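**Q** Sequence and computational prediction follow.
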Amino acid sequence: MLMVKIGIIGGSGLDDPNILQNAQEIDVNTPLGKPSSTLTTGKISGVDIIILARHGKKHTIMPSNVNFRANIWALKDQGCTHILAITAVGSLKEEIRPGHLVFPDQVIDRTTKRASTFYDRDKVCHIPMGDPFCRKLRKLLADEAKMLGFAYHDKATLITIEGPRFSTRAESHMFRTWGADIINMSVMPECTLAREAGICYQPIAMSTDYDCWHVSKEAVTWEQISKIMSHNAANVKELLLKAIPNILHDSCACKDAIKTALV
């Protein structure tokens, strides 16, 4: 059986190397520039892991300035077969409460400034994205979250906005009418690039607040988000420790999509 290597892209509040055995830092470069941070390598239950801090080790890179292509290239170059992408999200639905975990199955892209493909010269890539995330990873994460007794949602539509500002109330209501359930600033084009790279990709979304549509709640602020982050991050770390040993390197549509996508 082929060995797996898991890339963990840590969002706000979760780029902690302490979950790894024999953690080491490596500094890498790519043809597309430097990734957001050095890579932290190590193992969880014997499985090779690489952690990358999406916004930098000290959260100094705003969403639109993340070099998503360099990040995915670096993880692919290091041999990653799967990516678990941790992301803080706002909730657009009453039932997705702050503190809940969400494993989305769909995404709406509202970004406008980001390089979204590796194939911007010589070749054209029409990558299939009907199901943008890995079904097998999503089911595994949901099963493990259930066993751990966490409040979670195993289906949701995520909308990724450009940022770095939060939504207006009118935008928040509009996104709800579109069928979006949660909102963030980081999953697109990260998941598209992972698909082009032949890597299984699944977000682990941490609901930190109700977006501003929820007029009975206070307006969302970074301070408010930070208060619930530590609770969410602790649950995600426990989930990772349980789920990662059960990830298999088997056949998957995520890995094979690129084979028929190039013109």
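**A** On my side now, so go ahead. Please read all numbers here as calculations on a predicted model, not as lab measurements. Residues are numbered from 1 along each chain as shown.
**Q** wait, residue 114 sits on residue 189?
**A** Yes: when contacts are counted by C-beta atoms under 8 Å, residue 114 is listed as touching residue 189 (5.4 Å). Backbone N, C-alpha and C define where each C-beta goes, glycine included.
**Q** Return every residue with contacts to both of the two.
**A** Here residue 114 and residue 189 share the contacting residues residue 68, scored by C-beta atoms under 8 Å, 6 or more residues apart in numbering.
**Q** how about residue 94, what does it touch?
**A** Residue 94 makes contact with residue 214, according to C-beta under 8 Å, 6+ apart.
**Q** And the strands in the stretch 51-200 of the chain, which stretches?
**A** 82-91, 101-102, 106-110, 152-153, 157-161, 182-184, 200-210 (DSSP state E, counting those that start in this stretch).
**Q** and of those, who's closest to residue 4?
**A** Residue 4 sits nearest to strand 82-91 of all those, at 6.1 Å, using C-beta to C-beta.
**Q** Which neighbouring elements make contact with that closest one?
**A** Packed against strand 82-91, as judged by 3 or more C-beta pairs under 8 Å, 6 or more residues apart in numbering; DSSP states H and E, are the following elements: strand 5-10, helix 135-148, strand 182-184, helix 190-196, strand 200-210, helix 222-243.
**Q** what distance separates the start and the end of stretch 184-199?
**A** One end of stretch 184-199 to the other measures 21 Å (C-alpha to C-alpha, to the nearest Å).
**Q** The chain should start at 21 in everything you say after this.
**A** Will do, 21 is the new start, and the previous item becomes stretch 204-219.
**Q** quick one: average confidence on it?
**A** Taken as a whole, stretch 204-219 has an average pLDDT of 98.
**Q** Off-centre distance for that stretch?
**A** Here stretch 204-219 is found 8 Å from its chain centre; the criterion is C-alpha atoms, centre = their mean, to the nearest Å.
**Q** and what of stretch 209-228?
**A** That offset, for stretch 209-228, works out to 5 Å (C-alpha atoms, centre = their mean).
**Q** Going by neighbour count, which residues in that stretch are buried?
**A** By neighbour count on 16 or more other C-beta atoms under 10 Å, the buried set for stretch 209-228 is 209-217, 219-228.
**Q** what's the answer for stretch 39-53, then?
**A** Within stretch 39-53, the residues scored as buried using 16+ other C-beta under 10 Å are 39-40, 48, 50, 52.
**Q** again with stretch 146-159
**A** Buried residues in stretch 146-159, counted by 16+ other C-beta under 10 Å: 147, 149, 152-154, 156-158.
**Q** How is the nearest residue to residue 65 once chain neighbours are set aside assigned, secondary-structure-wise?
**A** In this structure, residue 65 finds its nearest non-sequential neighbour in residue 265, 4.2 Å apart by C-beta to C-beta, 6 or more residues apart in numbering. For residue 265, the assignment made with DSSP: H, G, I helix; E, B strand; the rest coil gives helix.
**Q** Would you confirm that residue 265 contacts residue 63?
**A** No: the pair residue 265 / residue 63 is not scored as a contact, 10.4 Å apart, by C-beta under 8 Å.
**Q** what does the model give the nearest residue to residue 167 once chain neighbours are set aside for pLDDT?
**A** Of all residues not flanking residue 167 in the chain, residue 262 sits nearest, at 7.3 Å (C-beta to C-beta, 6+ apart). The model reports residue 262 with a pLDDT of 96.
**Q** Report how many residues lie close to residue 262.
**A** 18 (other C-beta atoms under 10 Å).
**Q** how much space between it and residue 270?
**A** 19 Å (C-beta to C-beta, to the nearest Å).
**Q** which residues sit in contact with residue 67?
**A** Listed by C-beta under 8 Å, 6+ apart, the contact set of residue 67 reads 24-26, 264-265, 267.
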